[in-house]
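*Asks:* attaching a predicted model along with its sequence, questions to come.
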There are 2 protein chains.
Amino acid sequence: MKIVALAGGVGGAKLAHGLAQVLNPEDLTIVVNTGDDFEQYGLYISPDLDTVCYTLADLANQETGWGHKNESWLVMEHAVRLGGPDWFKLGDKDLGTHLERTRRLNNGQPLSKITRDFCKAWKVQHTILPMSDQPVRTIVETVGKEISFQEYFVHLKCEPKVIGFHFEGAERAEAAPGVVEAIDSAEAVVICPSNPWVSIDPILAVANLRSAVEAKLTIAVSPIIGGKAVKGPLAKMFTELGIQPSALAIIEHYQNLLNGFVLDNIDQDLTKMIGIPSITTDTLMDSLTKRAQLAQAMLHFMRRLL
Amino acid sequence: MKIVALAGGVGGAKLAHGLAQVLNPEDLTIVVNTGDDFEQYGLYISPDLDTVCYTLADLANQETGWGHKNESWLVMEHAVRLGGPDWFKLGDKDLGTHLERTRRLNNGQPLSKITRDFCKAWKVQHTILPMSDQPVRTIVETVGKEISFQEYFVHLKCEPKVIGFHFEGAERAEAAPGVVEAIDSAEAVVICPSNPWVSIDPILAVANLRSAVEAKLTIAVSPIIGGKAVKGPLAKMFTELGIQPSALAIIEHYQNLLNGFVLDNIDQDLTKMIGIPSITTDTLMDSLTKRAQLAQAMLHFMRRLL
């Protein structure tokens, strides 16, 4: 079964990793949000792309939930001593990625080619693609001020009250080479349990990408479990936007895009209120095995729907 | 006695360090070559400025002769594994300097202000200034090809045969704030034992800087000892340009700029062929004490000439 997964950071990376355990390399393409990308210390940083790549390469830092494993912090310590900002933590090994990616981008290589080369070096066999080679920047609209995503998410720790989002450059951006082709030849699209507002919407804002997804069987996994976000500001965002945070709100959010929905067992009660096919299972993915189990459950579900 | 020292990399840094040991902070300004500056991995690298700053901050790596002391190489190892270039070695601590300098330059801060702030953080009390805040790039003219300095010096290991040099941007560059003022208020200018072609000439190519030096008592220390360069490609350059490498060739090179000259004891025989005042002393600076001894000998010499 050929699958395309749309993924943001941590939650997306976990399910992508699960799918990679149960699908052959030629049967899985992971399309990753780059709306979070930004520049720090003159370096191009692509946090979601790195989280997905590191996770599939078994290089992810399990303790922190972000960054490279067995990390050290010499560069940053030294830069901070000279007055540099420390709100976005850049580890030494992680910096190797940022330096080489920045070098290649400055030389005119597209992000998708760089990602392919990095995955080869890291022995990642499944295909990981950025959503676009053109810049799309997620802007968080807050009361009185528009803030870039990392500024909102990391620097301001999600404190400002959200009133909306937009994606700068999305209208001009095209899906990266291979993305639309992968979706067209897939049997189903999986929307990973990432933040719909800031991880999945930027992907779907890339015009030719969204229309390709709309033509496919599409299944989402709820990033809200028992009314709470597993990680990050998702529940807070829903509340600030006047929406009760729940798995139902996720279905509502994706509107006509979904053909099936996956909820956590804890949300069993909600299934009768859902107008599309759904399953409940353990969606928390708090172990490596559970990632693969969720992926396997989804494959069964999707085969049933095809 | 108020002194301005013109310095390139290692040799310049050693004498600057010696002068810093025998002069009060308000009496010494070190003006450093930035013609070697370049970009690597998207980062702005200023090798001579770093060598001088690290040396005066007691952060210089004594074993390698370049870079930061107690250095590690995690970032570079990781970047090289992804296909990055390794010909210019960037240590982890050193990268902290490059990241923060790049960040500030990208924010529009001038190099001279950045250098002042870094020196403050490193507790360097004497003033270190880049020759200019505008880019000047040393180009090595070789048979059939013009090569940027670091490409020639580090990547190609000085192998191409040199036929000349020029300094891109020098005609438009102005001396950094404080440079001309420091020279004007100094009693003497010291040309450190750096490579005249690629370390001192770029400094003197900055127009208002050269004219300020010309108005002052100026003393040079020979970077050629017994017909050989202490370090680097200087002797090879002279030979390729058809000039016998010797302390005399250094005097010839600086022509009418010098009012006094310092040779190594080994070159005692040459003094009778020199048409300007000179002294011989131990100029090798192969220990910290010898740096200060040479500086002290120079101060005596300059007082005599004033």
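*Replies:* The structure has been received and is ready for your questions.
*Asks:* name the residues of the stretch 51-200 of chain A found near chain B, please.
*Replies:* By C-beta under 8 Å from any C-beta of the partner chain, the part of the stretch 51-200 of chain A that sits against chain B consists of A:72, A:74-85, A:92-93, A:95-97, A:99-100, A:102-103, A:105-106, A:117-118, A:121. In short, each C-beta sits where N, CA and C put it, glycine included.
*Asks:* at 7 Å what do you get?
*Replies:* Counting by C-beta under 7 Å from any C-beta of the partner chain, the stretch 51-200 of chain A comes close to chain B at A:72, A:74-75, A:77-79, A:81-84, A:92-93, A:95-97, A:99-100, A:102-103, A:106, A:117-118, A:121.
*Asks:* what ranges does chain A have for its helices?
*Replies:* Remark: helices assigned in chain A by DSSP state H are A:10-22, A:47-56, A:74-81, A:92-106, A:111-121, A:149-150, A:179-185, A:201-204, A:207-214, A:234-240, A:247-254, A:288-305.
*Asks:* show the contacting residues for the closest residue to chain B within the stretch 101-250 of chain A.
*Replies:* Closest to chain B within the stretch 101-250 of chain A is residue A:102: 3.8 Å, counting by C-beta to the nearest C-beta. For residue A:102, the contact set (C-beta atoms under 7 Å, 6 or more residues apart in numbering or on different chains) comprises A:43, A:44, B:41, B:42.
*Asks:* on that earlier part again, from the residues of the stretch 51-200 of chain A next to chain B, list the buried ones, please.
*Replies:* Buried by 16 or more other C-beta atoms under 10 Å in any protein chain shown: A:74-75, A:78-79, A:82, A:84, A:92-93, A:95-97, A:99-100, A:102-103, A:117-118, out of those.
*Asks:* neighbours of the closest residue to residue A:254 other than its chain neighbours, just the number please.
*Replies:* Nearest residue to residue A:254 in three dimensions, chain neighbours excluded: residue A:220, at 5.9 Å (C-beta to C-beta, 6 or more residues apart in numbering or on different chains). Residue A:220 is flanked by 28 other residues according to other C-beta atoms under 10 Å in any protein chain shown.
*Asks:* if residue A:220 is in a bridge, with which residues?
*Replies:* Residue A:220 forms beta bridges with residue A:191, residue A:261, as assigned by DSSP bridges.
*Asks:* export stretch A:90-103 as CSV, just CAs?
*Replies:* Below are the C-alpha coordinates for stretch A:90-103, written out as CSV (Å, rounded to 0.1, in the frame of the first residue of the first chain):
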residue,chain,number,x,y,z
LEU,A,90,21.5,24.8,18.7
GLY,A,91,23.5,21.8,19.6
ASP,A,92,26.9,21.1,18.1
LYS,A,93,25.9,18.1,16.0
ASP,A,94,22.7,19.7,15.0
LEU,A,95,24.8,22.7,13.9
GLY,A,96,26.7,20.5,11.5
THR,A,97,23.3,19.9,9.7
HIS,A,98,22.5,23.7,9.6
LEU,A,99,26.0,24.7,8.4
GLU,A,100,26.0,22.2,5.5
ARG,A,101,22.3,22.9,4.6
THR,A,102,23.0,26.7,4.6
ARG,A,103,26.2,26.2,2.5
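*Asks:* I'd like the average pLDDT over that stretch.
*Replies:* The average pLDDT for stretch A:90-103 rounds to 98.
*Asks:* and if you look at stretch A:31-41?
*Replies:* pLDDT averaged over stretch A:31-41 gives 97.
*Asks:* just the buried positions in that stretch, please.
*Replies:* A:31, A:32, A:33, A:34, A:35, A:36, A:37, A:38, A:40, A:41.
*Asks:* ok, now which ones touch the closest residue to the last one other than its chain neighbours?
*Replies:* Right, the one you point to is residue A:41. Once flanking residues are discounted, residue A:41 sits nearest to residue B:99: 4.0 Å by C-beta to C-beta, 6+ apart. Going by C-beta under 7 Å, 6+ apart, residue B:99 touches A:41, A:75, A:79, A:84, B:43.
*Asks:* distance of the residue lying farthest from the centre of chain A relative to residue B:116?
*Replies:* No residue in chain A sits farther from the centre than residue A:82, which is 33.5 Å out by C-alpha atoms, centre = their mean. According to C-beta to C-beta, to the nearest Å, residue A:82 and residue B:116 sit 12 Å apart.
*Asks:* repeat for residue A:140
*Replies:* Distance of residue A:140 to residue B:116, computed by C-beta to C-beta: 36 Å.
*Asks:* cool, residue A:222 as well?
*Replies:* Taking C-beta to C-beta as the measure, residue A:222 falls 54 Å from residue B:116.
*Asks:* higher neighbour count, these two?
*Replies:* Shown here are residue A:222 and residue B:116; by other C-beta under 10 Å, residue A:222 has more neighbours (24 against 17).
*Asks:* not counting sequence-adjacent ones, nearest residue to the more buried one?
*Replies:* Spatially, and ignoring its direct neighbours in sequence, residue A:222 is nearest to residue A:247 (4.0 Å; C-beta to C-beta, 6+ apart).
*Asks:* so for the residue nearest to residue A:254, what's the pLDDT?
*Replies:* The score at residue A:220 is 98. That number is its pLDDT.
*Asks:* list the contacts for it?
*Replies:* Contact analysis of residue A:220 by C-beta under 7 Å, 6+ apart lists A:191, A:250, A:254, A:258, A:261.
*Asks:* biggest separation within the contacts of residue B:99, which pair?
*Replies:* Spatial extent of those (C-beta to C-beta) is set by the pair A:84 and B:43 at 12.7 Å.
*Asks:* show the contacting residues for residue A:234.
*Replies:* A:195, A:223, A:224, A:245.
*Asks:* narrow those residues to those in strands?
*Replies:* Under the assignment DSSP state E, the contacts of residue A:234 contribute residue A:224 to strands.
*Asks:* most neighbours out of the contacts of residue A:234, which is it?
*Replies:* Going by other C-beta under 10 Å, residue A:223 tops the contacts of residue A:234 with 28 neighbours.
*Asks:* count of neighbours near the residue nearest to that residue when sequence neighbours are not counted?
*Replies:* Ranked by C-beta to C-beta, 6+ apart and with sequence neighbours excluded, the top spatial neighbour of residue A:223 is residue A:193, at 3.9 Å. Using other C-beta under 10 Å, residue A:193 has 32 neighbouring residues.
*Asks:* residue A:193 is in contact with residue A:224, isn't it?
*Replies:* No: contact criterion C-beta atoms under 7 Å: residue A:193 and residue A:224 do not qualify, at 8.5 Å.
*Asks:* up against chain B, what does the stretch 201-306 of chain A have?
*Replies:* By C-beta under 7 Å from any C-beta, no residue of the stretch 201-306 of chain A approaches chain B.
*Asks:* with distance to residue B:23 added, can I get the helices of chain A in CSV?
*Replies:* Formatted as CSV, the helices of chain A follow (distance: least, C-beta to C-beta, whole Å):
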stretch, distance to residue B:23
helix A:10-22, 56
helix A:47-56, 49
helix A:74-81, 27
helix A:92-106, 38
helix A:111-121, 50
helix A:149-150, 46
helix A:179-185, 64
helix A:201-204, 58
helix A:207-214, 65
helix A:234-240, 59
helix A:247-254, 69
helix A:288-305, 63
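*Asks:* figure out which of these is closest to residue B:200.
*Replies:* Of all those, it is helix A:74-81 that lies closest to residue B:200, at 29.9 Å by C-beta to C-beta.
*Asks:* what packs against the closest one?
*Replies:* helix A:92-106, helix B:92-106 (3 or more C-beta pairs under 7 Å, 6 or more residues apart in numbering or on different chains; DSSP states H and E).
*Asks:* one more time with 10 Å
*Replies:* Using 3 or more C-beta pairs under 10 Å, 6 or more residues apart in numbering or on different chains; DSSP states H and E as the contact test, the elements touching helix A:74-81 are helix A:92-106, helix B:74-81, helix B:92-106, helix B:111-121.
*Asks:* contact partners of it?
*Replies:* For helix A:74-81, contacts defined as C-beta atoms under 10 Å, 6 or more residues apart in numbering or on different chains pick out A:41, A:73, A:84-86, A:88-92, A:94-96, A:99, B:59, B:68, B:70-72, B:74-75, B:90-103, B:118, B:121-122.
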